[in-house]
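1. fold the stuff below for me.
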Amino acid sequence: MPILMWLFIVPLISSLMMWLDGAKKTAKVLAFALSLLPLVLLLWNHSELIGMAVNYKWIPSLGINFFLKIDALSLVFLYLTALIIPISILAVNRGSHTHLGLFYALILLLQSLLIGFFTARDLALFTIFWEAMLLPLYLIISFWGGEHRQKAAIKFLVYMIAGSALMIAAILLLYLTSTSGGAGTFNIDALKGIAASTPYAYWIFLIFLLAFAVKTPLFPFHAWLPDAYYQAPTSGTILLSALLSKAGIYGILRIGMELFPELLKEWSFVGLVLAIAGVFYGGLAAWMQNDFKKIFIYSSFSHVNFILAGLFIWHQPAQQGAVLQSVNHAIIITALFLVGAWLESILKNSSMNNVRGLIKYFPQLGWLTMFFVLASVALPGTNSFIGELMILFGLFGQSPWIAAFLGLSIILSALYMLRFMEKVYFGPPVSAQPDWRDIGAKELLIALPLVALVLWIGIYPAPFLNIIKQAMETLFSQGVISS
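-> Numbers count the residues shown, from 1 in each chain. As a prediction, this is how the structure comes out:
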């Protein structure tokens, strides 16, 4: 069986194993080990992955094939998925969750669906994976979330289905109006040269863009985000912020730039304006919060819109920076929600109103949090500095004034994140509680890969940028447009 099929099937089998026999005390260790298998497969076969494909006839009467293929862009997001999923499993708090076998099974199922989504080259298959991702995330929020989890889960599902239903209609319309040898096609490779010239291409593109904007989300399509992120368990929040948002970004790149490049370019200024509005809306909302989990939530929304601003700047280095920043954001927001969850488990809540000077009692957690906060605000030498610099460089070439305005958001980010550190960790300490304990070696080991990646990308980004450059040059050439 081809490696690509193993990459897709292994987490699917792992999910089934955890569902059927995940009640043991060792379930977390087993789930973590199984979640690492896709990363092992990727690393072991790294040099052979680009260009690897499987193509099986699936529903021949409709021209639907089980067609998966890895290119440079897919590879970036495959590695991201293979990294974040194991950490999300380690973030599960066994003491506060029941039915852990099902919980791990849903995370592993999501891993398989994301691998399928990031490699799908058949538009029908692409849509199936896109839709199927909603189920495990909805169940994770609904079953293991906070006090208002049902309301948050329903709102999440309604928004996702609203965008997705329109996208299904657009795909069917594209299928019916496209011709390849006299018949409609779902094959993305075949659609590349004809999708933009089909009848109703303008409206089909806008529907795709709307669906991706809701899932990422682009301002102002974010109403589902605060409740879903806040009510989800820590693992669910990591999956939503680090991976689901990247599925929307990937969709804009894959469908927008491959199938409708000129239309994406035509709408890029509108997208840029909305994204910049989202950057400042999220930043100002984060500044207003007295709950550190909500600060991280709105910070995540702000930074995702910064990435989208980079995508909508029609400049290759800026778009390369946006893809790199997608990776950076996933790493940093995973780390922030982890350290936030560890602090919340100590304090029993995430309010900042009655805590201060906690660095005295939790020095390891405090300085680890400070490291990720500095990475979040793009301190030179950390990963975000490179991505944000590339985005601003590309925007400066088109409009220095807009670039300067967007650059102010970095100052805003520093203000609200350092305000969080000042209020919670520094200043005169509050009285310690008897059950307060600092994090130990286990938590530091979980955070270590994230620390290493922050520094590696920040100091030596060339290996990552080489793959991303190849991905974006391929997209630009496939879109038959100039940078």
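2. so for stretch 456-476, mean pLDDT?
-> Average pLDDT, stretch 456-476: 90.
3. just the strands from this protein, written as ranges.
-> 53-59, 64-69 (DSSP state E).
4. of all these, which one is nearest Ser88?
-> Closest approach to Ser88 among these (C-beta to C-beta): strand 64-69, 23.2 Å. Where you see a C-beta, it was placed from the backbone N, CA and C, and this is true even at glycine.
5. just checking, what packs against that closest one?
-> The contact analysis (3 or more C-beta pairs under 8 Å, 6 or more residues apart in numbering; DSSP states H and E) places strand 64-69 against helix 3-20, strand 53-59, helix 100-119, helix 123-132.
6. rerun that using 6 Å as the cut-off
-> strand 53-59 (3 or more C-beta pairs under 6 Å, 6 or more residues apart in numbering; DSSP states H and E).
7. skipping its backbone neighbours, what lies nearest Val327 in space?
-> Nearest residue to Val327, sequence neighbours excluded (C-beta to C-beta, 6 or more residues apart in numbering): Leu80, at 5.7 Å.
8. count the residues that sit near the one you found.
-> Neighbourhood size, Leu80 [other C-beta atoms under 10 Å]: 20.
9. find me the pLDDT at it, would you?
-> pLDDT at Leu80 comes out at 96.
10. ok, now how distant is it from Ile188?
-> Distance from Leu80 to Ile188, counting by C-beta to C-beta, to the nearest Å: 21 Å.
11. quick one: the helices in the stretch 101-250 of the chain?
-> Listed in chain order, the helices found in the stretch 101-250 of the chain under DSSP state H, counting those that start in this stretch are 123-132, 134-144, 149-177, 188-191, 201-215, 225-231, 234-238, 245-251.
12. and the ones you listed as TSV, adding mean pLDDT and mean neighbour count?
-> As requested, the helices of the stretch 101-250 of the chain are exported to TSV (pLDDT from 0 to 100; neighbours: other C-beta atoms under 10 Å):
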stretch	mean pLDDT	mean neighbour count
helix 123-132	93	21
helix 134-144	93	21
helix 149-177	89	18
helix 188-191	86	19
helix 201-215	91	21
helix 225-231	94	22
helix 234-238	95	27
helix 245-251	93	23
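13. so which of these is nearest Thr334?
-> Here helix 234-238 is closest among the helices of the stretch 101-250 of the chain (C-beta to C-beta), at 5.1 Å.
14. give the other helices and strands that that closest one contacts.
-> helix 316-347.
15. mind doing that once more with 7 Å?
-> Contacts defined by 3 or more C-beta pairs under 7 Å, 6 or more residues apart in numbering; DSSP states H and E place helix 234-238 against helix 72-90, helix 134-144, helix 316-347.
16. contacts for that helix next, please.
-> 84, 88, 91-92, 107, 137, 140-141, 144-145, 229, 334, 337, 341 (C-beta atoms under 7 Å, 6 or more residues apart in numbering).
17. give me the below-cutoff pLDDT ranges for the protein.
-> Per-residue confidence for the chain (pLDDT under 70) gives these ranges: 22-23, 94-97, 179-183, 477-483.
18. quick one: which of the contacts of helix 234-238 is nearest Phe260?
-> Nearest to Phe260 among those, with distances taken as C-beta to C-beta, is Leu137, at 27.3 Å.
19. residues contacting the closest one?
-> Leu110, Gly236, Leu239, Leu240, Leu244.
20. wait, the last one sits on Lys215?
-> Yes: counting by C-beta atoms under 7 Å, Leu244 does reach Lys215; the two are 6.4 Å apart.
21. count the neighbours of the nearest residue to Ile410 once chain neighbours are set aside for me.
-> Of all residues not flanking Ile410 in the chain, Ala378 sits nearest, at 5.8 Å (C-beta to C-beta, 6+ apart). Per other C-beta under 10 Å, the neighbour tally for Ala378 reads 25.
22. equivalent analysis for the one 5 residues further on, please.
-> Residues contacting Asn383 under the criterion other C-beta under 10 Å number 27.
23. next: Trp267.
-> Using other C-beta under 10 Å: Trp267 sits among 17 other residues.
24. could you find the closest non-adjacent residue to it?
-> The nearest residue in space to Trp267 (C-beta to C-beta, 6+ apart) is Leu209, at 6.8 Å.
25. what of Gly282?
-> Ser302 (2.9 Å).
26. likewise for Phe385?
-> In space, Phe385 is closest to Ala378, 4.6 Å off (C-beta to C-beta, 6+ apart).
27. in contact with that neighbour, which residues are there?
-> Ser384, Phe385, Glu388, Ile410.
28. mind doing that once more with 10 Å?
-> 303, 306, 325, 328, 332, 384-389, 392, 410, 413-414, 458 (C-beta atoms under 10 Å, 6 or more residues apart in numbering).
29. fine, thanks again, bye for now.
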